[in-house]
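Novice: What follows is a predicted protein model with its sequence.
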Amino acid sequence: MTSSSTPAPAPQGAPQPLRPLRRLTARGRDEAHRVASPLELFFDLCFVVAIAQAGGELVHAVAEGRPGMGILNYAMVFFAIWWAWMNFTWFSSAYDNDDALYRVVTLIQIAGVLVLAAGVSRSFADHDYMAVWLGYVIMRLAMASQWLRAARSAEGAERTMALRYAGGVLLCLVGWLGLVLLPEHARAWVFLVMAVVEMCVPLYAEKASATSWHPHHIAERYGLFTIIVLGETIAAATVAVKSALTEHDALGELLPIAAGGLLIVFSAWWIYFVVPIHGHLRSNRESFLWGYGHYLIFASAASIGAGLEVAVEQAVGTAHISTPAASAAVTLPTALYLLTVWALHSRYFKIGIAQQLVLPVTALLVICCTFLGDWAVPAAGLVSALAVATGTTLTARTAGRRRPADAAAAAT
């Protein structure tokens, strides 16, 4: 999983690690042993720094009784992080040649997300998006330069596609100026309009020619980022519990929250990775929906960690919200995660109505746990764990019934 992105022996179209500068040409979808590169893993880790900043500010907003504004700011900042990450991920799957220039431009994108992360606190506190906008501009200019470099090495429809990507990225940067130039009350509308426009750029660009992204590589990249986000969730919750124990010595109140949070995160990991999704990624139509839908998966997974921090602060009396409100900060993103993973992943592999209903029913039960007072989080964790056990049992029973049927069919 951490080996070089350059396979050996390299098939036609794969990068040749001989010169520091090479033509940026498309790689093949049929490359064997295509895995995430060390540069891609480093890229992901740096992006999680920005996610952690956004999650921390969401905690402060919700704990102070400003959930509406906090969620809006979180959605806007998270979109910038996720969109820049996703664009790089799909581009690298199709064009990564791992030469010196490619690495330098990728490191510039990482610098951009660090600038964005530095501006997250100001965007939440003062609605000042200048640093966030600047970091996004750095990331997107670097991405546009990669597309222009790809266009230089391409011909025909592929060149048109690359130029459309580069032009779309640059035009969208002009639109995003509204976040720093327009009045505060108009910024939410700027975000909504520009988010839609940004997501239309790939749809328009790939009408000319589809990029040669690698299904297994894409599935692995998304899976690795999910793991990193869930890891950040555990880290955030652990820090919150440690701080609360140090300052308030409230082990009895915090232990159920910690146990419930671990069950939720462990279940979230299990549910996501129980199916091999790369086989479902066969066309751009399926893949665009799957890739775009991960905004909700990543955002909700990160929000679970923020919700656990809120629950800890409420348990020790430092949050200015009610117990149901603090519980909802955990249960609502958990339910959203379960429903989105079911819609994008699980439903394609479920057989029968019982298997199909496991995750939707679990999401409903998790929401109901919101009203269980101090036991809301541990109850939500227990419900999530039972969903894993139920799904595993149903799958095993289905497989057990199919084996004799397959053997009988083979005998006839």
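Specialist: Received it, and whenever you're ready, just let me know what you need. Residues are numbered from 1 along each chain as shown.

Novice: taking the mean pLDDT, what do you get for stretch 303-310?
Specialist: On average, the pLDDT along stretch 303-310 is 92.

Novice: residues in contact with that stretch?
Specialist: Here stretch 303-310 makes contact (Cβ atoms under 8 Å, 6 or more residues apart in numbering) with 55-56, 58-59, 62-63, 74, 232-237, 239-240, 257, 261, 264-265, 268, 319, 321, 326, 328-334, 336-337, 377. In short, each C-beta sits where N, CA and C put it, glycine included.

Novice: Now that stretch - C-alpha only, PDB.
Specialist: Extracted C-alpha coordinates of stretch 303-310, given in PDB (Å, rounded to 0.1, in the frame of the first residue of the first chain):
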ATOM      1  CA  SER A 303     -17.900  15.400  12.200                       C
ATOM      2  CA  ILE A 304     -18.300  12.300  14.400                       C
ATOM      3  CA  GLY A 305     -15.000  13.200  16.100                       C
ATOM      4  CA  ALA A 306     -16.200  16.800  16.500                       C
ATOM      5  CA  GLY A 307     -19.400  15.500  18.000                       C
ATOM      6  CA  LEU A 308     -17.600  13.300  20.500                       C
ATOM      7  CA  GLU A 309     -15.600  16.300  21.600                       C
ATOM      8  CA  VAL A 310     -18.900  18.300  22.100                       C
END
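
Novice: Use 54 as the first number from now on
Specialist: Right, with 54 as the first residue, what we last looked at is stretch 356-363.

Novice: Distance from the chain centre to that stretch, please.
Specialist: 16 Å (Cα atoms, centre = their mean, to the nearest Å).

Novice: Kindly give a single ChimeraX line that selects the buried subset of the contacts of stretch 356-363.
Specialist: Remark: buried members of the contacts of stretch 356-363, expressed as a ChimeraX selection using 16 or more other Cβ atoms under 10 Å:
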select :108,109,111,112,115,116,127,285,286,287,289,290,293,310,314,317,318,321,372,374,379,381,382,383,384,385,386,387,389,390,430
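
Novice: from the contacts of stretch 356-363, which ones fall inside helices?
Specialist: 108-109, 111-112, 115-116, 127, 285-290, 292-293, 310, 314, 317-318, 321, 379, 381-387, 389-390, 430 (DSSP state H).

Novice: Tell me where the model's unsure across the stretch 204-353 of the chain.
Specialist: 301, 303, 331-333 (pLDDT under 70).

Novice: in it, which spans are helices?
Specialist: Ranges of helices in the stretch 204-353 of the chain, per DSSP state H, counting those that start in this stretch, are 209-228, 231-234, 240-258, 268-301, 304-326, 337-368.

Novice: For residue 164, which of the ones you listed is the nearest?
Specialist: helix 209-228 (16.7 Å; Cβ to Cβ).

Novice: Pull out the buried residues from that closest one.
Specialist: Applying 16+ other Cβ under 10 Å to helix 209-228 flags 211-222, 225-226 as buried.

Novice: do stretch 347-362 as well
Specialist: 347-362.

Novice: What's the separation between the most centrally placed residue in the chain and residue 328?
Specialist: With distances taken as Cα atoms, centre = their mean, residue 351 lies nearest the centre of the chain, 3.1 Å away. Separation of residue 351 from residue 328 (Cβ to Cβ, to the nearest Å) stands at 18 Å.

Novice: for residue 134, same thing?
Specialist: Taken as Cβ to Cβ, the span from residue 134 to residue 328 is 26 Å.

Novice: So for these two, which residue has more residues nearby?
Specialist: Taking other Cβ atoms under 10 Å, residue 134 and residue 328 do not tie; residue 134 has more neighbours (27 against 17).

Novice: quick one, what contacts the closest residue to that one other than its chain neighbours?
Specialist: Using Cβ to Cβ, 6 or more residues apart in numbering and skipping residues adjacent in sequence, the residue nearest residue 134 is residue 103, 4.9 Å away. Residue 103 is in contact with 130, 134, 166, 167, 169, 170, 173, counting by Cβ under 8 Å, 6+ apart.

Novice: Enumerate the positions of the host helix or strand of the second one that are buried.
Specialist: Same thing as residue 134. If you go by DSSP states H and E, residue 134 is part of helix 120-148. Neighbour-count burial for helix 120-148, with 16+ other Cβ under 10 Å as criterion, is recorded at 120, 123-148.

Novice: What is that helix packed up against?
Specialist: helix 91-116, helix 153-171, helix 173-178, helix 183-206, helix 240-258, helix 268-301, helix 337-368 (3 or more Cβ pairs under 8 Å, 6 or more residues apart in numbering; DSSP states H and E).

Novice: so which of those comes closest to residue 434?
Specialist: helix 337-368 (10.2 Å).

Novice: distance between the closest one and the chain's centre?
Specialist: 7 Å.

Novice: Next, the angle helix 268-301 makes with that helix.
Specialist: 10 degrees (axes from the mean of the first three to the mean of the last three Cα atoms, to 10 degrees).

Novice: what angle separates helix 337-368 from helix 91-116?
Specialist: 50 degrees.

Novice: Give me the angle between helix 337-368 and helix 240-258.
Specialist: 150 degrees.

Novice: sorry, back to before: wait, which of the helices and strands packed on helix 120-148 is closest to residue 76?
Specialist: Of the helices and strands packed on helix 120-148, nearest to residue 76 by Cβ to Cβ is helix 183-206, at 4.4 Å.

Novice: buried set for the closest one?
Specialist: Buried residues in helix 183-206 (16+ other Cβ under 10 Å): 184-204, 206.

Novice: Can I get it in PDB, CA atoms only?
Specialist: Output of helix 183-206 as PDB, limited to C-alpha atoms (Å, rounded to 0.1, in the frame of the first residue of the first chain):
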ATOM      1  CA  MET A 183      -8.900  35.600   2.800                       C
ATOM      2  CA  ALA A 184      -6.400  33.000   4.000                       C
ATOM      3  CA  VAL A 185      -8.800  30.100   3.100                       C
ATOM      4  CA  TRP A 186      -9.300  31.700  -0.400                       C
ATOM      5  CA  LEU A 187      -5.500  32.200  -0.800                       C
ATOM      6  CA  GLY A 188      -4.800  28.600   0.100                       C
ATOM      7  CA  TYR A 189      -7.400  27.400  -2.300                       C
ATOM      8  CA  VAL A 190      -6.000  29.500  -5.100                       C
ATOM      9  CA  ILE A 191      -2.500  28.100  -4.500                       C
ATOM     10  CA  MET A 192      -3.900  24.500  -4.700                       C
ATOM     11  CA  ARG A 193      -6.000  25.200  -7.800                       C
ATOM     12  CA  LEU A 194      -3.400  27.100  -9.700                       C
ATOM     13  CA  ALA A 195      -1.000  24.100  -9.200                       C
ATOM     14  CA  MET A 196      -3.800  21.800 -10.400                       C
ATOM     15  CA  ALA A 197      -4.400  23.900 -13.500                       C
ATOM     16  CA  SER A 198      -0.700  23.800 -14.300                       C
ATOM     17  CA  GLN A 199      -0.800  20.000 -14.100                       C
ATOM     18  CA  TRP A 200      -3.600  19.900 -16.600                       C
ATOM     19  CA  LEU A 201      -1.800  22.300 -19.000                       C
ATOM     20  CA  ARG A 202       1.200  20.100 -18.800                       C
ATOM     21  CA  ALA A 203      -0.900  17.100 -19.600                       C
ATOM     22  CA  ALA A 204      -2.400  19.000 -22.500                       C
ATOM     23  CA  ARG A 205       1.000  19.700 -23.900                       C
ATOM     24  CA  SER A 206       1.700  16.000 -24.200                       C
END
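
Novice: Much appreciated, bye for now.
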